[in-house]
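[1] just need the structure, nothing else, for what follows:
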Amino acid sequence: MFKNWILIILISICFQVLFVHCKSPSIIGVHPLDESYFSSEIIKCKDGSKSFTRDRLNDNFCDCIDGTDEPGTSACPAGKFYCRNVGSTPQFIFSSRVNDHFCDCCDGSDEYDGSFRCPNTCVMGGNIEYKRSTYISIDAKESKNQANLEDLIQKLEGLKIILLLQVGVVLISFVMIVRIIRYRFRSRRKHYS
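    Numbers count the residues shown, from 1 in each chain. Modelled structure (predicted):
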């Protein structure tokens, strides 16, 4: 009975580790307090005019006049994009400034499409607008190293999850092997008695 509880606890720990590390990322351009608003499958425009499905969120097509469905794109003229600006002051910008090759958020989150990289200036005092000409003066080698570092970090996150899964499998296997050995030992003891 006690061993069954250990097995159940080990399995639940493995699943908890998986779900904590595989949690879905936050929605681009949405204030953290508004993320729950976008959690259902059918979402209503904040002005009440229409409803849309979750798969139409940030699809680069304006379904809501007020821009509710496009917080992370520049599709809606009335939309607002939320800059988290960790290390500085969070702010809202017009969504027309998203992916326009100007760094409006000091953390560079408004230029997420990959065609333009913004340095994170939040810890340096923040909210400094960088234009393409300013950014080009940054050494290309440094930008390549930054991209390599980001790729390495993503690979390490994936390896961490795989390692945690493997540890869970090994623990479960160990418990199962111990149970099998004890079962065989008991059945042999009964056979010889």
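
[2] show me where the chain has strands.
    Secondary structure of the chain (DSSP state E): strands at 42-44, 51-53, 80-83, 91-94.

[3] deepest-packed of these, please.
    Comparing those by mean neighbour count (mean count of other CB atoms under 10 Å), strand 80-83 comes out on top with a mean of 23. Every residue, glycine included, has its C-beta placed from N, CA and C.

[4] for Gln91, which residues make a bridge with it?
    Cys83 (DSSP bridges).

[5] correct me, but it touches Cys83?
    Yes: Gln91 is in contact with Cys83 according to CB atoms under 8 Å; the separation is 5.1 Å.

[6] which neighbours do those two have in common?
    Shared contacts of Gln91 and Cys83 (CB atoms under 8 Å, 6 or more residues apart in numbering): Cys105.

[7] residues contacting the nearest residue to Val123 once chain neighbours are set aside?
    Distances taken as CB to CB, 6 or more residues apart in numbering place Gly87 nearest to Val123, at 4.2 Å, with adjacent residues excluded. Neighbour list for Gly87: Cys106, Asp107, Asn120, Cys122, Val123, Gly126 [criterion: CB under 8 Å, 6+ apart].

[8] burial of Leu163, as a residue count?
    11 (other CB atoms under 10 Å).

[9] check what pLDDT it gets.
    Looking at Leu163, its pLDDT is 80.

[10] repeat for Val20
    The model reports Val20 with a pLDDT of 42.

[11] for the helix ranked longest in the chain, name the packing helices and strands.
    Identified as the longest helix of the chain according to DSSP state H is helix 140-192. Counting contacts by 3 or more CB pairs under 8 Å, 6 or more residues apart in numbering; DSSP states H and E, helix 140-192 is packed against helix 2-21.

[12] now do stretch 30-48, average pLDDT.
    91.

[13] any weak-confidence spans in the protein?
    1-25, 124-148, 150-151, 193 (pLDDT under 70).

[14] switch to 50 and redo it
    17-24, 128-140 (pLDDT under 50).
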